[in-house]
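J.: pasting the sequence and the predicted coordinates here, then a few questions.
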Amino acid sequence: MKIISFEGVSKIYNSHSIALDNVTLAIEQGEFVSLAGKSGAGKSTLLKLLIAEERPTKGKVLFENKDVHRLPAGELPKLRRQIGMVFQDYKLLPDRTAYENVAYAMEVAGIEDQYVKRDVPQVLELVGLSNRTKNFPHELSGGEKQRVAIARALAQRPDMIVADEPTGNLDPLNTFEIVKLLLKINELGTTVLLATHNKEIVDSLERRVVILDQGKLVRDEEKGKYLIT
Ligand SMILES: Nc1ncnc2c1ncn2[C@@H]1O[C@H](COP(=O)(O)OP(=O)(O)O)[C@@H](O)[C@H]1O
Ligand SMILES: [Mg+2]
C-alpha cells in the first residue's frame, strides 16, 4: 500500500525561487527511502509539504490516501503524530530530562498516564538510552540527543519517521549509529524517509534513493547511489 504520494507538486515561495518543480513520487508502506540532493535542492520543502507546514503552489500531497492540504485544521496534530519528524537540531526541551522530553510529547498528545509510564522506558531502551533517562539535553552528546528525539517520535507510534538531515550536526561515528538506528526502526516495520546531503550515508545504505536537483526529481532508483547528473 502507498503511504505517501506526491502528484505533480510544485512549490514557489516567491517568483525568484522554484523550490519544487512538478514532483511526482510514491512511497510504499515499509520502505526506507533516502531523499538526497545538494543544499537548496528542495528536500526540506518536500518534507514541510508532507506535514502540511507549507502549502503546494500546484499539485497534491496524499498521506495514507488523504490529501494533507484538505484536512480540517483539527486533524493536523494527528497527521503530525502519524508522521514522526526528526530534525538536525533535535528540538528538545532544554529544561526537561530525556525521560521527560518523551513523556511530555505523549502527554500533549493526550495519552493516558499509565501508557506514558509503560512506553517511555520502552522507547528509550529501543534507542539505546536506558542509562540516560534522567539526563538533561546539555548532559547528552549530539548522538544521544538525536536518540531522544527519535524516541519522542516513536512514542507516538507513528506510521512513518521523517528525518531532515538528522546527522547534520554529528561526527562520522554518531552519524553511522543514528543511520543504523533508523534502519532498525525500519526493520521493525516503520516507513522511513531520510533527507540528507551526505553522500557517504546514501551510498552505504543500498536502499532506494530519490534525488532532487533544483527542485526537480532527477533520479529515483532502488539501491541507488548518490549521483548528481
Ligand atoms: N520560506 C522560504 N521562503 C523563500 N524561499 C525559501 C523558503 N524555504 C526555502 N526556500 C528556498 O527554496 C529552495 C529549496 O530549499 P530547501 O527546501 O530548504 O532545500 P534543502 O532542504 O534541499 O536544502 C531554496 O532555494 C531555498 O532558498
Ligand atoms: Mg533542508
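T.: That came through, no problem. Ligands and ions are numbered 1, 2, ... in the order given.
J.: can we go C-alpha only for contacts and neighbour counts from here?
T.: OK.
J.: ligand 1 contacts on the protein?
T.: Taking CA under 6 Å from any ligand atom as the contact definition, the chain meets ligand 1 at 13, 17, 19, 38-45.
J.: show me what contacts G40?
T.: 19, 214 (CA atoms under 8 Å, 6 or more residues apart in numbering).
J.: C-terminal to the helix-or-strand element of the chain with minimal mean pLDDT, which secondary structure element comes first?
T.: Across the helices and strands of the chain, mean pLDDT, DSSP states H and E gives its lowest value to helix 199-205, namely a mean of 92. Using DSSP states H and E, the helix or strand that follows helix 199-205 towards the C-terminus is strand 208-213.
J.: look up which residues are beta-bridged to the residue nearest the centre of the chain.
T.: In the chain, the C-alpha nearest the mean C-alpha coordinate belongs to V162, at 1.5 Å (CA atoms, centre = their mean). Note on V162: beta-bridge partners by DSSP bridges are M85, L193.
J.: what are the ranges of the helices in this protein?
T.: Assigned by DSSP state H, the chain shows helices spanning 43-50, 76-82, 98-108, 113-126, 142-154, 172-187, 199-205.
J.: which one of those helices lies nearest to F32?
T.: Comparing the helices of the chain by their distance to F32 (CA to CA), the top pick is helix 172-187, with 6.6 Å.
J.: for that closest one, packing partners?
T.: Secondary-structure packing of helix 172-187 (3 or more CA pairs under 8 Å, 6 or more residues apart in numbering; DSSP states H and E): helix 142-154.
J.: now find how far off-centre the helix it packs on is within its chain.
T.: Put simply, helix 142-154 sits 12 Å off its chain's centre (CA atoms, centre = their mean, to the nearest Å).
J.: and if you look at stretch 220-229?
T.: How far stretch 220-229 lies from its chain's middle: 20 Å, per CA atoms, centre = their mean.
J.: shift numbering so it begins at 19
T.: Taking 19 as the first residue, the last one we looked at is stretch 238-247.
J.: so which bits of that stretch are buried?
T.: 238, 242-244 (16 or more other CA atoms under 10 Å).
J.: in strands, which of those fall?
T.: By the criterion of DSSP state E, membership of the buried residues of stretch 238-247 in strands covers D238.
J.: between the buried residues of stretch 238-247, which is nearest K202?
T.: G242 (19.6 Å).
J.: list the contacts for that closest one?
T.: Contacts of G242 by CA under 8 Å, 6+ apart are 220-221, 224-227.
J.: quick one: pLDDT of it?
T.: Per-residue pLDDT puts G242 at 75.
J.: any idea how far it is from L212?
T.: According to CA to CA, to the nearest Å, G242 stands 14 Å off from L212.
J.: now do the shared contacts for these two.
T.: Joint contacts of G242 and L212 (CA under 8 Å, 6+ apart) do not exist.
J.: now A116: closest residue in space that isn't a chain neighbour?
T.: Using CA to CA, 6 or more residues apart in numbering and skipping the chain neighbours, the partner closest in space to A116 is T151 (5.0 Å).
J.: what about that neighbour, distance to ligand 1?
T.: Per CA to the nearest ligand atom, to the nearest Å, T151 is found 32 Å from ligand 1.
J.: try I203
T.: 23 Å.
J.: contacts only, for that residue.
T.: Counting by CA under 8 Å, 6+ apart, I203 has no contacts.
J.: show the pLDDT at the residue sitting furthest away from the middle of the chain.
T.: Relative to the centre of the chain, the most outlying C-alpha is that of S33, 28.3 Å out, by CA atoms, centre = their mean. Reported pLDDT at S33 in the predicted model: 79.
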